[in-house]
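>>> Task: produce atomic coordinates for the following.
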Amino acid sequence: MFSDNHVHSSFSPDGTASMETMIRSAISKNFRELVITDHLDFDFPNPEFSQLNLEQYVTAFQTLKAKYEKNIQLRLGIEIGIQSHVTHLINQVLEKFPFDFVIGSTHTVYGISCSSNEFFDQTLTRTAYLRYFEGLLSNIKHLNNYDVCGHLDFIARYNPRGSKELFPHDFAEILDTILKTIIETGHGIELNTAGYLYGLNRTHPSLDVLQRYRALGGEIITVGSDAHAPEHIGANFNLAYQLLKAADFNYITQFKERKPSFIKIDKLPKEHSNIA
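Model (predicted):
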């Protein structure tokens, strides 16, 4: 089995292609499964991200799932922007609609978008990174209703000051607390390959964090491209699977009806896994 577990269509404000175009791209790349995970961020500084029409989204997905059932297994997902004060709204949505998979991501801290220059203004880069991790930790303590934590160290993407390096050893204590919280509450993380697209030359999280997660007992891990365009589906998955092996993972995780299953990496098609 092989799947991209983090994909955005034009139902997301930053998506560039229709859901059907994204699905057809995945089929053309011989994917076995695809998870559509469009954005919903309540009380986000850009209000467009709070306006996902869930009825239309789910209806469109179900129509396309039936249309392409002989070509690909489609899973209904969502990427929820976590903020502690909107957890009741998040729970209402997740109870109402039949999602297979939920990514819980921290896109906003103290009402400021982590992708904005404002987040870095009037503070040191290290302080901005720490503020992000503190917000993420608070969020996963307030919300239990998610499956994996999205792009865990993505804050480095948006550093407007020169180098976009983030050294995990500088944040070892809080990263350990985050990873332990994720593990102890029965959740997982994703290996997100979009860092390559953003010029970071690495995944989210980095290999050091993957290894620490595994050493602490982490087992649940999905792989996603965070694609917002059809050409980015499955991008750099060969590198992702090499990193998983290097971090001592033998399995990837897939979700259906919010329940995890584990697939041995060596059982994946060789043309995708790039593992000898």
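>>> which residues does residue 169 contact?
Residues in contact with residue 169 (C-beta atoms under 8 Å, 6 or more residues apart in numbering) are residue 208. Just so you know, the C-beta spots here come from the backbone N, C-alpha and C atoms, and that holds for glycine as well.
>>> going forward, begin numbering at 473 instead of 1
Fine by me, first position is 473 from now on; the one you just mentioned is residue 641.
>>> where does it land in three-state SS?
Secondary structure, DSSP: H, G, I helix; E, B strand; the rest coil: residue 641 is helix.
>>> Could you do residue 681 as well?
Look at residue 681: counting by three-state DSSP, its state is helix.
>>> Please list all residues in contact with it.
Residue 681 makes contact with 624-625, 640, 647, 651 under the criterion C-beta under 8 Å, 6+ apart.
>>> Quickly note the distance from it to residue 628.
12 Å (C-beta to C-beta, to the nearest Å).
>>> thinking again about what came up before, looking at the contacts of residue 681, which one is closest to residue 667?
For the contacts of residue 681, the closest approach to residue 667 (C-beta to C-beta) belongs to residue 625, at 8.7 Å.
>>> Quick check: closest non-adjacent residue to the closest one.
Take residue 625 and drop its neighbours on the chain: the residue closest to it by C-beta to C-beta, 6 or more residues apart in numbering is residue 677, 4.6 Å away.
>>> which ones are touching that neighbour?
Residue 677 neighbours (C-beta under 8 Å, 6+ apart): 623-625, 640, 661, 663, 685.
>>> For it, what are phi and psi?
phi -80, psi 180 (degrees, to the nearest 10).
>>> if we can go back for a sec, how about the contacts of residue 681 in TSV, adding pLDDT and neighbour count?
What follows is the contacts of residue 681, written out as TSV (pLDDT from 0 to 100; neighbours: other C-beta atoms under 10 Å):
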residue	pLDDT	neighbour count
624	96	25
625	95	25
640	95	17
647	98	22
651	98	22
